[in-house]
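Asks: turn this into a model:
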Amino acid sequence: MTENPDQETLRRASLKIAVRISAACAVLVLCLLAAAAIYLFNQAQHPTLPGPGETDSVYAYLDTKDLLKAMIVAGIAGILLAGAIGWLSARSAIRPLGEALALQRRFVQDASHELRTPLAILDARVQLAQRDAAADSKTGEALARIRNDTATLTGIVNELLVAATGSPPDAAAEPSDLAKVAGAVVESLQQLAGEKNVRVTLTEKDRPFALIDSNGFRRALLALADNALAHTPAGGQVGITTAVLGNRAVVTVSDSGAGIKGVDQTRIFDRFVRTHSPEGAPGQRSFGIGLALVREIITGARGTVEVERSGPRGTVMRITLPLAAKDAGPKDAAPKDAVPKDTGPKDTGPKDTSSGSA
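Replies: Alright, predicted model coming up:
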């Protein structure tokens, strides 16, 4: 039976508490020993001798060195005893936390495992439906999007299962084409943007590659774009731009909303921090977790995410990531003109590569 991955962390925490208690006791013992030594040496310099009339009094004389040695031994024993008691007390206090963490991990593992089978069945049914639909038809394109979304959801479930086992996340094996991922995000938002009469555009100033898991980056970028879409009024625009600045890949998400209101911009990526939704804007309830997950994904790839600017003319979110080596790009990277550039509220008219937002 494998050991609970949290046990090592809890043991280290217990040991750390014990060490701190021992250190505090050591300081206290040293202070007492110093005070006792000063007192004894002072008494040794000015001894009190019995007077002529104190013949019946009994005096005991102790060797100062022997007394100090005994105090030092007693102090060391007290420090070790305090450390042992602190360690046992910490383990007893942390035990309920370990049980709660184990229960949480079991829940995530069970939920993730149970979701994999329905997703596999859904993917199989979509493939069967694709056999009866032409790939270039509206039905075929819709089924292809559903299958891509199912694959994304399956990847998320697998990541949850891996995270629940306590294993460290795997580093990206090869660089991700950020422009290609951005194009997939724009395509995914087509229907939502159309229902809100909002135009979503993609501008490829450059085609950067970065060492980040493509599925994780897609989730982060989709969360930013969905947040921008939720705060953009009808007739507005959401723009995604990919560029290279020095040795950094830069991806920005802009909107034409009213800006960030009701919360400090420096706390916008903290958990459970929510901004006020625009008046009359229907949508799902916000729990203030999406942007926090974005920051965790980006910082995990040694990148940064921040609010570049926000005001009455809109908000711009900026992601920066270290550029991958030029010779490390994926061999099957799609050509630049294969990325969808613009998905407006309606699937009419020619597509456009320009964006009104910077």
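Asks: hang on, Leu32 in a strand?
Replies: No. Assessed with DSSP: H, G, I helix; E, B strand; the rest coil, Leu32 is helix; it does not lie in a strand.
Asks: excluding chain neighbours, give the residue nearest to Leu68 in space.
Replies: Ala37 (6.1 Å; C-beta to C-beta, 6 or more residues apart in numbering). (Glycine included, C-beta is placed from N, CA and C.)
Asks: which SSE is the one you found in?
Replies: Secondary structure from DSSP states H and E places Ala37 in helix 5-45.
Asks: with Glu114 instead?
Replies: Going by DSSP H and E, Glu114 is in helix 64-131.
Asks: which SSE is immediately downstream of that helix?
Replies: Next along the chain after helix 64-131, taking DSSP H and E as the criterion, comes helix 138-164.
Asks: who are the packing partners of that next one?
Replies: Contacts defined by 3 or more C-beta pairs under 8 Å, 6 or more residues apart in numbering; DSSP states H and E place helix 138-164 against helix 64-131, helix 178-188, helix 214-230.
Asks: quick check, distance from that helix to the centre of its chain.
Replies: Centroid displacement of helix 138-164 relative to its chain, using C-alpha atoms, centre = their mean, to the nearest Å, is 22 Å.
Asks: quick one: it to helix 214-230, angle?
Replies: 110 degrees (axes from the mean of the first three to the mean of the last three C-alpha atoms, to 10 degrees).
Asks: and helix 138-164 with helix 178-188, angle?
Replies: Calculated by the same axes, to 10 degrees, helix 138-164 forms an angle of 120 degrees with helix 178-188.
Asks: how about helix 138-164: buried residues?
Replies: Residues of helix 138-164 classed as buried by neighbour count (16 or more other C-beta atoms under 10 Å): 143, 145-147, 150, 152, 154-157, 159, 161, 164.
Asks: how about stretch 294-314?
Replies: Val294, Arg295, Ile297, Ile298, Ala301, Gly303, Val305, Val307, Ser310, Gly314.
Asks: and what of stretch 261-273?
Replies: By 16+ other C-beta under 10 Å, the buried positions in stretch 261-273 come out as Ile268, Phe269, Val273.
Asks: could those residues be laid out in TSV, adding secondary structure and pLDDT?
Replies: Listed next are the buried residues of stretch 261-273 as TSV, based on DSSP: H, G, I helix; E, B strand; the rest coil; pLDDT from 0 to 100:
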residue	secondary structure	pLDDT
Ile268	coil	82
Phe269	coil	83
Val273	coil	70
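Asks: among the residues you listed, which one lies nearest to Arg219?
Replies: When the buried residues of stretch 261-273 are compared for distance to Arg219 (C-beta to C-beta), Phe269 wins out at 14.8 Å.
Asks: what sits against that closest one?
Replies: Going by C-beta atoms under 8 Å, 6 or more residues apart in numbering, Phe269 touches Leu291, Ala292, Val294, Arg295, Val305.
Asks: nearest the geometric middle of this structure, what residue?
Replies: The residue lying closest to the centre of the chain (C-alpha atoms, centre = their mean) is Glu296, at 2.9 Å.
Asks: so how far is the helix or strand hosting that residue from its chain's centroid?
Replies: Element membership for Glu296 (DSSP H and E) is helix 290-300. On the basis of C-alpha atoms, centre = their mean, helix 290-300 sits 5 Å off its chain's mean C-alpha point.
Asks: quick one: list the elements packing against that helix.
Replies: Contacts defined by 3+ C-beta pairs under 8 Å, 6+ apart place helix 290-300 against helix 214-230, strand 304-311.
Asks: distance to Phe107 and mean pLDDT added to those, as JSON lines?
Replies: JSON lines is the format used below for the helices and strands packed on helix 290-300 (distance: least, C-beta to C-beta, whole Å; pLDDT from 0 to 100):
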{"stretch": "helix 214-230", "distance to Phe107": "21", "mean pLDDT": "89"}
{"stretch": "strand 304-311", "distance to Phe107": "29", "mean pLDDT": "90"}
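Asks: wait, which of those is closest to Val27?
Replies: With C-beta to C-beta as the measure, strand 304-311 is the member of the helices and strands packed on helix 290-300 nearest Val27 (41.1 Å).
Asks: adjacent strands (with direction) for the closest one?
Replies: Strand 304-311 pairs in its sheet with strand 314-322 (antiparallel), by DSSP bridges.
Asks: contact partners of the partner strand?
Replies: 178, 208, 210-212, 220-221, 224, 227-228, 231-232, 245, 247-260, 298, 301-310, 357-358.
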